[in-house]
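In: Pasted the sequence and its predicted model underneath.
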Amino acid sequence: METVIPTSSHMKARFQTMILPCNPSSIIFPLASQPTITDPSTSSALQTASEHIRSSHLVVFPTETVYGLAANALSSEATGEIFRTKGRPQDNPLIVHISSLEMLKLVVDETFVIPKTYEVLMNRFWPGPLTLLFPVKTTGGGEKGGGGGGGIPKEVTAGHSTVAVRMPSHPVARALIAISGLPLAAPSANTSGRPSPTKAEHVYHDLNGRVGYILDGGPCDVGVESTVVDGLLGVGKRVEEEEEECVIRVLRPGGVTVEEMQAVLGKGIKVLVHRRDYRDEQLENQPTTPGMKYRHYSPTCPVYLVMSGRQSTHAHPTEQISLDVFLREVSEELTAESVGGEKESLRIGLLSLTGSRLTRALSEQGRPQVQTSTGSIHLNWVHLPLGSTYNGDNDQGEEEED
């Protein structure tokens, strides 16, 4: 039976949330596991946050994928706060973040010998947005403070015998882990079910009053969660040196693509993607990693995907309608769903590539007045550019349409 923690939106504010700016370029990781930090304010922010972590509190930190809600992964008390703050189901495991290979000893079963496939992937994609499943090193009694010889409490793994681990490449994330001296359990820093945050301001808007500190390291580069890989199929506790695994399974697609992994693993290794190449109903009902059972990236407003007419293909046919008809249909739907009766205007965000012809056409209309079945309504556009991309099929080098 599933246990769901009450949603964080109903929790009373416990903290005066502070945003601490950090300069990622001031953090350098030499051969030693401890970073060198040249900016005093960044160093001070990391020290403050690490002390907060060691006191079994939560800290939000940036990673290359999304902002994470971090707690001491060795403490059942601290990791329990993650579930309460996010309103996260307890059967949804957490990913553990480390800053060095040496830190693996705190979270992975000491009898486990890393297989060759993992060595290849770790050498290529760590630090980076790749999460690997390992046999877990369990803790004797779920120690409250965490630390000592390590061991992961069952709250982190949802009671499974494996633990998901990755080494983030973002300097702020890796520095916080290293300075804390603790592996950090960290899902995305948002209320469960909501879109994952890629800026500190996103986190503040969602979790203000529920966390003490947010380390602001700027926008995240990747914007989606890490790829999760299970390479343990058929691998025993001991693996002979000459033995080569032939299958790894992608449980959750993310920042590292299947093609990138296949390229470094070679033709002798099969990379299978869950729900594309195989199904595992038991795993879906009792997931060993986040992102397999519960809804992700769920915005609180309707989303429409709009494509130009030339992007309709035989493989993906789309019904083509005029811009005027589309605007009228969208206005009808949004006004019908709105609470409080008729509206005089609608605020609509436009996520599109810079230079998009479609966005340009919409923006040039200013505040268009659209006639609906209940009257007229003004549309206010809020353009949120996603950057530009080059269309190789366009001889004139124009930017791709959205």
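Out: Everything's here; your move.
In: For the stretch 301-402 of the chain, which residues score under the pLDDT cut-off?
Out: 307-319, 336-343, 353-354, 366, 374, 384-402 (pLDDT under 70).
In: what about the strands in it?
Out: With strands called from DSSP state E, counting those that start in this stretch, the stretch 301-402 of the chain shows them at 345-352, 369-372, 375-385.
In: I am assuming residue 83 contacts residue 90, so please confirm or correct that.
Out: Yes: using CB atoms under 8 Å, residue 83 makes contact with residue 90 at a distance of 5.8 Å. Backbone N, C-alpha and C define where each C-beta goes, glycine included.
In: Compare neighbour counts for those two and give me the winner.
Out: Between residue 83 and residue 90, counted using other CB atoms under 10 Å, the more crowded position is residue 83 (21 against 15).
In: That one sits in which helix or strand?
Out: helix 76-86 (DSSP states H and E).
In: Repeat that for residue 91.
Out: Counting by DSSP H and E, residue 91 is part of no helix or strand.
In: Please shift the residue numbers so they start at 16 in all later answers.
Out: Shifting the count to begin at 16 puts that one at residue 106.
In: ok, the residue nearest to it when sequence neighbours are not counted to residue 167 distance?
Out: Among residues not flanking residue 106 along the chain, residue 173 sits closest, at 4.9 Å (CB to CB, 6 or more residues apart in numbering). Going from residue 173 to residue 167 by CB to CB, to the nearest Å gives 11 Å.
In: Ramachandran coordinates for the closest residue in space to residue 344 that isn't next to it in sequence?
Out: Closest residue to residue 344 apart from its sequence neighbours, by CB to CB, 6+ apart: residue 336 at 7.8 Å. Backbone torsions for residue 336, taken as degrees, to the nearest 10, come to phi -130, psi 160.
In: separation between residue 336 and residue 224?
Out: 44 Å.
In: ditto for residue 52
Out: Where residue 224 is concerned, residue 52 sits at a distance of 29 Å (CB to CB).
In: In terms of neighbours, single out the busier of these two.
Out: Using other CB under 10 Å, the more surrounded residue of residue 52 and residue 224 is residue 52, with 21 against 14.
In: mind listing what the more buried one touches?
Out: Counting by CB atoms under 8 Å, 6 or more residues apart in numbering, residue 52 touches 41, 42, 43, 58, 61, 190.
In: The closest residue to the third one other than its chain neighbours: neighbouring residues, count only.
Out: If you skip the residues right next to it in sequence, residue 43 has residue 51 as its closest partner in space, 4.6 Å away by CB to CB, 6+ apart. The number of residues packed near residue 51 is 12, by other CB under 10 Å.
In: How about residue 395?
Out: Residues near residue 395, counting by other CB under 10 Å: 12.
In: and it, bridged to which residues?
Out: On the basis of DSSP bridges, residue 395 is bridged to residue 362.
In: need the strands for the stretch 66-215 of the chain, in chain order.
Out: All strands of the stretch 66-215 of the chain, identified by DSSP E, counting those that start in this stretch, fall at 74-77, 82-87, 110-112, 145-150, 177-181, 199-200.
In: To residue 206, which of those lies closest?
Out: strand 82-87 (10.2 Å; CB to CB).
In: before we move on, the earlier item: may I ask which two of the contacts of residue 52 are separated the most?
Out: So, the contacts of residue 52 by CB to CB: farthest apart are 43 and 61, at 13.2 Å.
In: Let me see the mean pLDDT of the helix holding residue 98.
Out: Across helix 91-101, pLDDT averages out at 95.
In: what's the burial count for residue 40?
Out: Other residues near residue 40 come to 12 when the count uses other CB under 10 Å.
In: Quickly note the distance from it to residue 232.
Out: Where residue 232 is concerned, residue 40 sits at a distance of 10 Å (CB to CB).
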